[in-house]
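[1] need the 3D shape of this:
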Amino acid sequence: MSFDITPYIDLSPAVVREKIRAGKIDFPTAGMCRGYAQANLVILPPDYAADFREYARRNPFPCPILEVIEGTPGTHAMGEGGDITTDIPRYRIYRGGVFTEELTDVSAYWEDGYVGFLIGCSFSFEEALLSAGIEVRHITQGCNVPMYKTNIATVQAGPFYGPMVCSMRPMSPEHAEIARAITEKMPNVHGAPVHMGDPAQIGIQDIMKPDYGDPVEIKPGEIPVFWPCGVTPQAAVEHAKPPIVITHAPGHMFITDVKNAELNDYLEAQKQI
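    Numbers count the residues shown, from 1 in each chain. The predicted structure follows:
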């Protein structure tokens, strides 16, 4: 699937969220709202929220929590006036651990006691890669980032466990080292790559067949570079089997009002409160 994000690159997050809420955007958000952090989403019934919070704590690189939403689906820290049930282009519903449907609005599914988790997204570090002169292939090709279930196990908490999901960006070995140096300084948006090179070493049999997202071209001399991905909770949900879970559709994010450049300092300051 191809799409054009050009009209949305320099719009404000609030304007883009309104367009999403109005149904005018229903495709992946990579590259939109230049400079602003994006977030993955998990919404859970109350009986599962504490275990998931612990799962995220034990797996901070694939699951860095940016904001916990309780009471209503309105967001505050990551975007005053936002709504996690309407402001993401596409959502997924899981029932008993099985993906059952994809929707553009899940406001009818929110119930008292539900807890939402906004989780850091690798789209947030792509701005830094682009600024360093590193091509981000899925943006160039106008498609979704490829994501893969790996043989890297996450640390279990309660019923939540499963493989780490990784997003992949192909680049030259030289650019890969620059990307590692850039992203290791951004732990709240997945940090450094977990693997560079042969995908078979992390259990990926066919790099052109991602579990989520779209395949991208890998040019001669390039290597695949893999980062922890915020789709990891969706793999854990398949094992935990809650009666219902609402997530973002892979690649379709909540765009926050927090600048990428300020996100780490903001979250570190929040930890001191």
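[2] stretch 202-211 spans what distance, first to last residue?
    Stretch 202-211 has an end-to-end distance of 14 Å (Cα to Cα, to the nearest Å).
[3] stretch 9-23 now?
    Stretch 9-23 end-to-end distance (Cα to Cα) = 18 Å.
[4] run through who's touching it.
    8, 25-26, 29, 31-34, 36, 79, 81-83, 86-89, 104-105, 254-257 (Cβ atoms under 8 Å, 6 or more residues apart in numbering). In short, each C-beta sits where N, CA and C put it, glycine included.
[5] one more time with 7 Å
    Residues outside stretch 9-23 that contact it (Cβ atoms under 7 Å, 6 or more residues apart in numbering): 8, 25, 31-34, 36, 79, 81-82, 86-89, 104, 255-257.
[6] mind listing which of those residues are in strands?
    Counted as lying in strands by DSSP state E, out of these, are 36, 255-257.
[7] which two of those have the greatest separation?
    Greatest spatial distance among the ones in strands among the contacts of stretch 9-23 (Cβ to Cβ): 255 and 257, at 8.2 Å.
[8] can you pull out the helices in this structure?
    13-21, 46-58, 123-131, 137-141, 173-183, 232-240, 260-271 (DSSP state H).
[9] return the most buried member of the ones you listed.
    Ranked by mean neighbour count under mean count of other Cβ atoms under 10 Å, the helices of the chain are led by helix 232-240, which reaches a mean of 24.
[10] report the distance from the helix or strand of the chain with the lowest mean pLDDT to the chain centre.
    Counting by mean pLDDT, DSSP states H and E, the chain has its least confident helix or strand at helix 260-271, which shows a mean of 81. Mean C-alpha position of helix 260-271 versus that of the full chain (Cα atoms, centre = their mean, to the nearest Å) differs by 17 Å.
[11] relative to strand 254-259, how tilted is that helix?
    For helix 260-271 against strand 254-259, the angle by axes from the mean of the first three to the mean of the last three Cα atoms, to 10 degrees is 90 degrees.
[12] the more surrounded of residue 255 and residue 257?
    Shown here are residue 255 and residue 257; by other Cβ atoms under 10 Å, residue 255 has more neighbours (30 against 18).
[13] confidence score at the more buried one?
    As predicted, residue 255 sits at a pLDDT of 97.
[14] hmm, it is touching residue 31, no?
    No. Assessed by Cβ atoms under 7 Å, residue 255 is found out of contact with residue 31, at 10.8 Å.
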